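*Asks:* just the structure for this:
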Amino acid sequence: MALAVDAHTHLYSGLAPLGMPAPEPPPENFLQILGRLWWRLDRALDERSLAASAEFYASEALALGCFGLVDHHESPESIEGSLDVLADACQAAGLRAVLCYGATERNGGDDEARRGLAECERFLRANRRPLVRGAIGLHASFTASDETIREAARLARDLGSVLHVHVAEDGADVEDARRRGYAGVVDRLARLEALVPGSVFAHGVHLDADEVKRVSDAGCWLVQNPRSNQGNRVGYPQALAHAAQVALGTDGYPADMAEEEAALLAAAAAAGDHLGHARGRAAASERLLAERFGSAFTGADRATWERARSAAAARRDAVRERARAEADRLWQRMRALPR
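*Replies:* Just a heads-up that it's a prediction; the model follows:
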């Protein structure tokens, strides 16, 4: 039986179910959802709220039967050391994790991107936690320059790691790549030598079959996130049927992989996708995680996780209480940010 693995998520959104303020005014498209909600949340994070978010998300993930996750992080006002905060929470919980910082230029330009990549590199070189691995992150190509993408790819290769990037989640990503003179997002990544084998490309909603095949032929993973795609109204990634390696993620929704798979099958049926392809994506997530750890998981790994899950259940109420207290403080910080 496959282990439940969340192949793309955001630990920094862990407190969101505990009363996160609604965006104002209500967003009308994907970029407005980002700007009025998620990019305000990540800017409000500090070390304390990030630690509470990660502890709460990890605790809930274990309770929901999740064995491990692949995280994509941003906290622009608290970059340095942020991956250690996440790693400590996952290691303490007994949850396996692959972590990166999503380098971007959307707030502070070149310097912000440099700091994000430096945090990934520092963590990859320094981390010794047995349950945690690192990767090189980029937020999405539409928030990064060619130079940043090229440098991220170089770092991933030099450090024997992979990239983790949002790819064509919305049509805006594709339009941005074309404005820069590329045929699309995948063409841009390919020409900047960023199709690093083993890399994790989240979403792929607005890729066509040829682009998906190109990603797949490079040995990269695509990760479908049905609940998030439906919630953000970005569409269904029909072309993923042409990929050899497609895993299942939540994009920050709670790590209930049974619920995510149910949402996947419902969305696939509605879109006329082949249900056989869709059914394999949850099991593929375990292979993706095992790839980053260098070997398949064993019965001993499962037994260790079962003990961690039991321990997490015993302290779940206390973790929830700490999370609720910190969430109130985070929402105050979020509301105080300039619009």
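*Asks:* and residue 77, what does it touch?
*Replies:* 43, 44, 45, 46 (C-beta atoms under 8 Å, 6 or more residues apart in numbering). Every C-beta, even on glycine, is put in place using the N, C-alpha and C of the backbone.
*Asks:* name the helix or strand for it, please.
*Replies:* Using DSSP states H and E, residue 77 falls within no helix or strand.
*Asks:* got the phi and psi for the closest residue to residue 249 other than its chain neighbours?
*Replies:* Closest residue to residue 249 in three dimensions, ignoring its sequence neighbours and counting by C-beta to C-beta, 6 or more residues apart in numbering: residue 8, at 3.0 Å. Phi and psi for residue 8, reported as degrees, to the nearest 10, are phi -160, psi 120.
*Asks:* quick check: beta-bridge partners of residue 224?
*Replies:* residue 248 (DSSP bridges).
*Asks:* any idea how far it lies from residue 95?
*Replies:* 22 Å (C-beta to C-beta, to the nearest Å).
*Asks:* residue 288 too?
*Replies:* Applying C-beta to C-beta to residue 288 and residue 95 gives a distance of 16 Å.
*Asks:* go on, residue 162?
*Replies:* For residue 162 relative to residue 95 (C-beta to C-beta), the value is 20 Å.
*Asks:* on that earlier part again, could the contacts of residue 77 go into a markdown table alongside pLDDT, secondary structure and neighbour count?
*Replies:* Formatted as a markdown table, the contacts of residue 77 follow (pLDDT from 0 to 100; DSSP: H, G, I helix; E, B strand; the rest coil; neighbours: other C-beta atoms under 10 Å):
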| residue | pLDDT | secondary structure | neighbour count |
| --- | --- | --- | --- |
| 43 | 97 | helix | 17 |
| 44 | 97 | helix | 22 |
| 45 | 98 | coil | 26 |
| 46 | 97 | coil | 15 |
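*Asks:* between those, which is closest to residue 72?
*Replies:* Residue 72 has its nearest neighbour among the contacts of residue 77 in residue 45, at 14.1 Å by C-beta to C-beta.
*Asks:* what does the lowest-mean-pLDDT helix or strand in the chain contact?
*Replies:* In the chain, the helix or strand scored least confidently by mean pLDDT, DSSP states H and E is helix 275-279, which has a mean of 87. Residues from elsewhere that reach helix 275-279, judged by C-beta under 8 Å, 6+ apart: 240, 241, 246, 261, 264, 265, 268, 269.
*Asks:* again with stretch 322-337
*Replies:* Contacts of stretch 322-337 (C-beta under 8 Å, 6+ apart): 14-15, 18-21, 40-41, 43-46, 48-49, 52-53, 55-56.
*Asks:* filter the residues you listed to the buried ones?
*Replies:* Buried members of these, scored by 16 or more other C-beta atoms under 10 Å, are 14-15, 18, 20, 40-41, 43-45, 49, 52-53, 55-56.
*Asks:* Three-state assignment for residue 222, please.
*Replies:* Here residue 222 is recorded as strand under DSSP: H, G, I helix; E, B strand; the rest coil.
*Asks:* close enough to count as contact, it and residue 204?
*Replies:* Yes - with contact defined as C-beta atoms under 8 Å, residue 222 counts as touching residue 204 (4.7 Å).
*Asks:* more neighbours: which of these two?
*Replies:* Neighbour count, other C-beta atoms under 10 Å: between residue 222 and residue 204, residue 222 has more, with 29 against 25.
*Asks:* find me the pLDDT at that one, would you?
*Replies:* On the pLDDT scale, residue 222 is placed at 98.
*Asks:* so who does it touch?
*Replies:* By C-beta under 8 Å, 6+ apart, the contact set of residue 222 is 167, 201-204, 212, 215-216, 237, 240, 243, 245-247.
*Asks:* strands of this protein, residue ranges please.
*Replies:* For the chain, the strands defined by DSSP state E occupy 5-9, 68-71, 96-99, 102-103, 132-134, 136-140, 163-167, 200-203, 221-224, 246-248.
*Asks:* pipe those into a markdown table and attach distance to residue 319 per row.
*Replies:* Converted to a markdown table, the strands of the chain look like this (distance: least, C-beta to C-beta, whole Å):
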| stretch | distance to residue 319 |
| --- | --- |
| strand 5-9 | 18 |
| strand 68-71 | 17 |
| strand 96-99 | 17 |
| strand 102-103 | 25 |
| strand 132-134 | 19 |
| strand 136-140 | 26 |
| strand 163-167 | 26 |
| strand 200-203 | 27 |
| strand 221-224 | 27 |
| strand 246-248 | 25 |
